[in-house]
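# heads up, no residue letters with this:
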């Protein structure tokens with residue numbers, strides 16, 4: 001896919017140092033070999049028995065200072081730094097690496113917890129969320145087949161304000177990193193008032209909040225999926241929508257819908273799903289599904305490199 005090739009090419013120009021802390025997984029080793037051969041990034045394979053004693057002490061001290069108000073002791077901090085995931089997080093925080101990619105063997109909750117504890121949350125947004133770059137073979141949808149899906153990995157039941165901020169941050173990510181005009185649809189099972197239950201009202205209020213926060217962005221909702229991405233359906237169900245059925249960013253109303261949605265598209269449409277990319281942290285990192293493919297790891301490294309160059 002041309003989009004994927006361009007993504008990898010952009011990363012290769014940056015030469016970022018990305019940590020992979022799951023060397024026990026064969027997929028990670030295969031991905032690292034490919035990344036090195038193609039020059040996509042400088043991969044640091046983090047083997048637990050080769051963790052530097054000096055660095056572990058240094059990282060533990062910083063981590064202790066960050067978490068001592070939570071009751072953490074220096075002994076506990078040193079023990080935590082024996083975990084390659086947290087060690088990778090502190091490598092990134094202290095600029096011994098530019099980012100890390102994990103999740104092939106760790107659970108998403110474990111990756112997110114380590115990322116938040118080591119890197120911290122960006123005060124501007126106040127929380128972390130996960131998005132996927134979804135690349136379809138059918139170029140008639142989205143931006144020539146490319147979509148951004150969010151949140152598909154972190155927040156089970158986002159509030160109205162969280163939905164609004166997810167929409168805005170996703171739009172900025174799309175414009176700054178993916179390089180095309182964001183067209184944001186907040187999804188529901190209702191289109192423009194066809195239902196008035198509480199979950200639909202939450203999406204409607206989120207749309208209003210997002211528009212008030214960022215009047216410059218093209219955002220609409222609440223919209224059913226077909227109203228958001230099929231122009232012919234949009235003409236019937238929401239003829240006044242500024243998206244005109246050509247959304248390229250899909251904001252899901254909750255985590256269940258987002259997680260199910262991206263996996264349906266990935267498996268049934270044989271789409272590429274890169275992510276979840278964790279946004280809202282002080283440094284960008286990428287999580288992986290434990291069902292990931294080697295190609296997913298390669299592309300997560302590429303996008304993590306690009307994000308941390310901004």
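All right, it came through fine. Computed from a prediction, not measured in an experiment: that's the story for all the values here.
# Going by C-alpha atoms from here, please, whenever you check contacts or count neighbours.
Fine.
# Identify all contacting residues around stretch 35-55.
8-9, 11-23, 32, 82-84, 88, 298, 301-302, 305 (C-alpha atoms under 8 Å, 6 or more residues apart in numbering).
# Can you select the buried ones from those in PyMOL?
Only the buried entries of the contacts of stretch 35-55 go into this PyMOL selection, using 16 or more other C-alpha atoms under 10 Å:
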select buried, resi 8+11+12+14+15+16+17+18+19+20+21+22+23+32+82+84+88+298+301+302+305
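# now, which of the contacts of stretch 35-55 lie within helices?
Secondary structure defined by DSSP state H assigns 8, 9, 11, 12, 32, 84, 88, 298, 301, 302, 305 of the contacts of stretch 35-55 to helices.
# how about the residue lying closest to the third one once chain neighbours are set aside, what does it touch?
For residue 11, ignoring the flanking residues on the chain, the nearest one in space by C-alpha to C-alpha, 6 or more residues apart in numbering is residue 302 at 5.2 Å. Residue 302 is in contact with 7, 8, 10, 11, 12, 40, 41, counting by C-alpha under 8 Å, 6+ apart.
# Select from those residues the entry with the lowest predicted confidence.
The lowest pLDDT within those belongs to residue 7, with 87.
# measure that one to residue 120 for me?
Distance of residue 7 to residue 120, given as C-alpha to C-alpha, to the nearest Å: 27 Å.
# Now do the helices in the stretch 51-200 of the chain.
Ranges of helices within the stretch 51-200 of the chain are 53-67, 74-80, 84-93, 108-119, 160-173, 198-213, based on DSSP state H, counting those that start in this stretch.
# Now do the closest residue to residue 254 other than its chain neighbours: how many residues are near it, please.
Leaving aside its chain neighbours, residue 254 sits nearest to residue 157 (5.1 Å; criterion: C-alpha to C-alpha, 6+ apart). Residue 157 sits with 12 neighbouring residues when counted by other C-alpha atoms under 10 Å.
# Residue 138 too?
By other C-alpha under 10 Å, 12 other residues sit near residue 138.
# unless I'm mixing things up, it is touching residue 147, no?
No: using C-alpha atoms under 8 Å, residue 138 is not in contact with residue 147; the gap is 11.5 Å.
# any common contacting residues for those two?
Residues touching both residue 138 and residue 147 (C-alpha under 8 Å, 6+ apart): there are none.
# Got the domain ranges for this protein?
With domains defined by automatic domain parsing, the chain comprises 1-120+286-310, 122-280.
# Verify the contact between residue 245 and residue 225 for me.
No: contact criterion C-alpha under 8 Å: residue 245 and residue 225 do not qualify, at 9.1 Å.
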